[in-house]
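Asker: After the sequence you'll find the predicted model.
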Amino acid sequence: MSRIFVALLVCLTVLCGFSVAQEDNKPPKGFTSLFNGKDLSQWRGLRGIDPYVLRAKPEQEQQAILEKDQANMEKHWRVENGEIVNDGRGVYLTTKKDYGDYEFWIDYKTVAKADSGIYLKGAPQVQIWDYTKEGGKWKIGADKGSGGLWNNSKGAAGKDPLVLADKPFGQWNRMRILQIGERTSVWLNDKLVVDHARLENKHWNGRRKKEDWLPLVAAGPIQLQTHGGEIRWRNAFIREIQPNEAAKILASKGKDKFQSVFNGKNFEGWSGPTNNYEIIDGVIRCKKGKGGTIYTDEKYQDFVVRFQFKLPEGGNNGLAIRYPGRGDSAYVGMCELQVLHNKAKKYAKLDKRQYHGSAYGMVAAHRGYLRDPGLWNFQEVTVKGSTIKVELNGTVILDADLSKVKEYMGKRPHPGLKNKDGHFGFCGHSDPVEFRDILIRKLESK
């Protein structure tokens with residue numbers, strides 16, 4: 001089966017969903033049921049708590065929280081006639097298992113003036129509430145309906161649903177959620193209400209210093225929130241999405257806005273030591289034991305680049321950003337963004353500014369979002385003025401203004417930091433790291 005056909009199939013599945021919905025708590029093909037219609041054996045009780053904070057607590061403290069919340073859950077949650085019922089109070093119903101990339105279906109029915117939602121990876125939330133004027137919350141967005149990522153920043157994509165899709169009280173609503181990294185799409189009653197927006201970790205980050213922001217955890221629980229009125233749930237199904245499919249979904253969004261800078265056949269449009277690299281089946285690969293920086297003939301000022309890459313065990317490479325065409329890209333370019341197998345034992349004691357996605361020697365990226373060696377990763381990098389953002393497999397791991405960097409690794413200066421333009425390229429370091437589907441979109445410079 002061709003890659004193009006597979007990509008089209010994925011897009012159709014993502015955009016259109018399944019025409020026939022499963023009922024009676026029996027999962028459709030490819031899905032697993034999270035509720036058997038009889039008991040809550042796949043769930044536990046847990047308050048709304050920052051996953052980073054919970055995981056940092058000693059095991060004994062974690063267990064005490066779980067035991068207390070489990071007892072609370074049993075007071076306020078029950079199963080009745082094949083439905084999960086909450087009385088409007090208590091802790092949240094939480095999956096025992098953590099999930100990374102997935103497609104999740106669930107039906108719900110609620111009552112007037114109720115306010116609920118679904119936490120994803122332990123972060124709030126996909127909003128569910130009374131959309132009528134009588135509900136009393138039009139001033140904070142209830143008039144737009146349910147399904148939005150309500151805790152996102154004001155004006156951010158996804159905060160408000162694209163359309164009002166709620167059914168009248170007394171009727172069942174069906175919600176479908178697709179989450180790849182932080183990228184979240186929501187369908188309510190077969191209408192797209194959130195389109196590939198980032199679920200910001202804003203609620204929990206609001207309790208941290210600005211410089212200590214954290215992305216969503218790579219994998220976390222799904223939580224059904226309770227908040228002021230009875231809500232019923234049924235038909236809870238999940239399908240875990242594997243890395244190759246996740247990369248295709250991420251690559252498919254907004255692709256028409258980009259231009260390819262690699263034809264998949266030869267190095268037309270590229271310069272540098274291209275003889276140190278090879279092209280196999282549409283993939284650029286650095287030859288083992290070789291290296292050097294190959295780069296686009298064209299220069300770029302502000303731009304977005306997206307691509308897929310695959311690391312071997314211990315693989316090391318980099319992205320040359322605003323590279324002048326000669327010299328060490330980490331210093332004479334605006335920066336070199338690391339491409340590195342973080343978990344390799346030989347890299348255990350690196351400076352934190354040397355791990356994958358980091359602006360080499362200047363700003364550290366968050367770790368824990370790379371695929372294992374041999375699997376394709378999707379990455380998007382946005383360069384605007386002195387700022388640089390790295391989104392890896394759907395999660396932002398670096399968002400920095402390099403002009404504000406005061407401390408450099410080894411106290412070595414970066415003379416290219418203020419480059420206004422330059423080439424984009426790959427910095428080989430002797431390992432057979434692979435790249436494909438390399439696309440760039442120019443941005444209007446300030």
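Answerer: That came in fine, so what should we check first? Numbers count the residues shown, from 1 in each chain.
Asker: give me the low-pLDDT residue ranges for the protein?
Answerer: 1-22, 446 (pLDDT under 70).
Asker: if we go to 50?
Answerer: Within the chain, the set of residues satisfying pLDDT under 50 comprises 1-19.
Asker: got the contact list for the lengthiest helix in the chain?
Answerer: The longest helix of the chain (DSSP state H) is helix 59-76. With contact meaning C-beta atoms under 8 Å, 6 or more residues apart in numbering, helix 59-76 is reached by 40, 43-47, 49, 54-55, 57, 86-91, 93, 226. Where you see a C-beta, it was placed from the backbone N, CA and C, and this is true even at glycine.
Asker: What residues of it count as buried?
Answerer: By neighbour count on 16 or more other C-beta atoms under 10 Å, the buried set for helix 59-76 is 65, 66, 69, 72, 73, 76.
Asker: Kindly report the same for stretch 342-350.
Answerer: Within stretch 342-350, the residues scored as buried using 16+ other C-beta under 10 Å are 342, 343, 344.
Asker: before we move on, what about stretch 271-278?
Answerer: For stretch 271-278, a neighbour-count test (16+ other C-beta under 10 Å) marks 272, 276, 277 as buried.
Asker: out of the contacts of helix 59-76, which are buried?
Answerer: Of these, these count as buried by 16+ other C-beta under 10 Å: 40, 43-47, 49, 54, 86, 88, 90-91, 93, 226.
Asker: ok, now which ones touch the most centrally placed residue in the chain?
Answerer: Nearest to the mean C-alpha position of the chain, counting by C-alpha atoms, centre = their mean, stands residue 181 at 2.1 Å. With contact taken as C-beta under 8 Å, 6+ apart, residue 181 is in contact with 101, 216, 218, 246, 250, 369, 391, 392, 393, 394, 395.
Asker: Reformat the buried residues of stretch 342-350 as JSON lines; add distance to residue 317 and secondary structure.
Answerer: Converted to JSON lines, the buried residues of stretch 342-350 look like this (distance: C-beta to C-beta, whole Å; DSSP: H, G, I helix; E, B strand; the rest coil):
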{"residue": "342", "distance to residue 317": "13", "secondary structure": "coil"}
{"residue": "343", "distance to residue 317": "16", "secondary structure": "coil"}
{"residue": "344", "distance to residue 317": "13", "secondary structure": "coil"}
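Asker: hmm, back to that, mind checking which of the contacts of helix 59-76 are in strands?
Answerer: Among those, the members found in strands (DSSP state E) are 43, 44, 45, 46, 86, 93.
Asker: What is the nearest of those residues to residue 443?
Answerer: Set against residue 443, the nearest of the ones in strands among the contacts of helix 59-76 by C-beta to C-beta is residue 46 (41.8 Å).
Asker: For the closest one, give me its contacts.
Answerer: The contact partners of residue 46, by C-beta under 8 Å, 6+ apart, come to 65, 66, 69, 91, 92, 94, 221, 223.
Asker: Tell me, domain by domain, which residues of the chain belong where.
Answerer: Domain ranges of the chain: 3-248, 257-442, per automatic domain parsing.
Asker: wait, doesn't residue 238 sit right on residue 35?
Answerer: No: the criterion here is C-beta atoms under 8 Å, and residue 238 misses it with residue 35 at 10.4 Å.
Asker: can you give me the strands for the stretch 51-200 of the chain?
Answerer: Ranges of strands in the stretch 51-200 of the chain, per DSSP state E, counting those that start in this stretch, are 77-80, 83-86, 92-95, 102-110, 115-120, 123-129, 173-180, 183-188, 191-198.
Asker: For these, please prepare CSV with the additional fields distance to residue 138.
Answerer: Shown next, in CSV, are the strands of the stretch 51-200 of the chain (distance: least, C-beta to C-beta, whole Å):
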stretch, distance to residue 138
strand 77-80, 30
strand 83-86, 25
strand 92-95, 25
strand 102-110, 17
strand 115-120, 13
strand 123-129, 11
strand 173-180, 19
strand 183-188, 18
strand 191-198, 17
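Asker: Now do the helices in the protein.
Answerer: Assigned by DSSP H, the chain shows helices spanning 3-16, 51-56, 59-76, 202-205, 243-252, 329-332.
Asker: hang on, the earlier thing: between the contacts of residue 46, which is nearest residue 119?
Answerer: Minimum separation from residue 119 among the contacts of residue 46 (C-beta to C-beta) is found for residue 223, which lies at 3.7 Å.
Asker: thinking again about what came up before, just flag the most distant two among the buried ones among the contacts of helix 59-76.
Answerer: Largest separation among these by C-beta to C-beta: 54 and 88, giving 24.4 Å.
Asker: tally of neighbours for the nearest residue to residue 344 once chain neighbours are set aside?
Answerer: With sequence-adjacent residues excluded and distances taken as C-beta to C-beta, 6 or more residues apart in numbering, residue 344 is closest to residue 314, at 4.0 Å. Neighbourhood size, residue 314 [other C-beta atoms under 10 Å]: 14.
Asker: Show the contacting residues for residue 314.
Answerer: With C-beta under 8 Å, 6+ apart, residue 314 has these contacts: 341, 344, 346, 347, 431.
Asker: Out of the residues you listed, the closest to residue 384 would be?
Answerer: Each of the contacts of residue 314 was checked against residue 384 using C-beta to C-beta; the closest is residue 341, at 28.5 Å.
Asker: That closest one reaches residue 316, doesn't it?
Answerer: Yes: counting by C-beta under 8 Å, residue 341 touches residue 316, with 7.4 Å between them.
Asker: Burial check on residue 392, number of neighbours?
Answerer: By other C-beta under 10 Å, the residues close to residue 392 number 26.
Asker: which ones are touching residue 107?
Answerer: Contacts for residue 107 were tallied using C-beta under 8 Å, 6+ apart; they are 172, 173, 174, 175, 233, 234, 235.
Asker: give me the beta-bridge partners of it?
Answerer: In this entry, residue 107 is beta-bridged to residue 174, residue 234, by DSSP bridges.
Asker: The one 10 residues further on now?
Answerer: According to DSSP bridges, residue 127, residue 225 are recorded as the beta-bridge partners of residue 117.
Asker: hang on, it packs against residue 222?
Answerer: No: with contact defined as C-beta under 8 Å, residue 117 does not count as touching residue 222 (11.3 Å).
Asker: Would you reformat the contacts of residue 107 as JSON lines and include neighbour count and distance to residue 407?
Answerer: Listed next are those as JSON lines, based on neighbours: other C-beta atoms under 10 Å; distance: C-beta to C-beta, whole Å:
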{"residue": "172", "neighbour count": "15", "distance to residue 407": "56"}
{"residue": "173", "neighbour count": "18", "distance to residue 407": "51"}
{"residue": "174", "neighbour count": "18", "distance to residue 407": "52"}
{"residue": "175", "neighbour count": "21", "distance to residue 407": "46"}
{"residue": "233", "neighbour count": "23", "distance to residue 407": "50"}
{"residue": "234", "neighbour count": "21", "distance to residue 407": "55"}
{"residue": "235", "neighbour count": "24", "distance to residue 407": "53"}
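Asker: which one of those is nearest residue 303?
Answerer: Distance to residue 303 across the contacts of residue 107 (C-beta to C-beta) is lowest for residue 175, with 36.4 Å.
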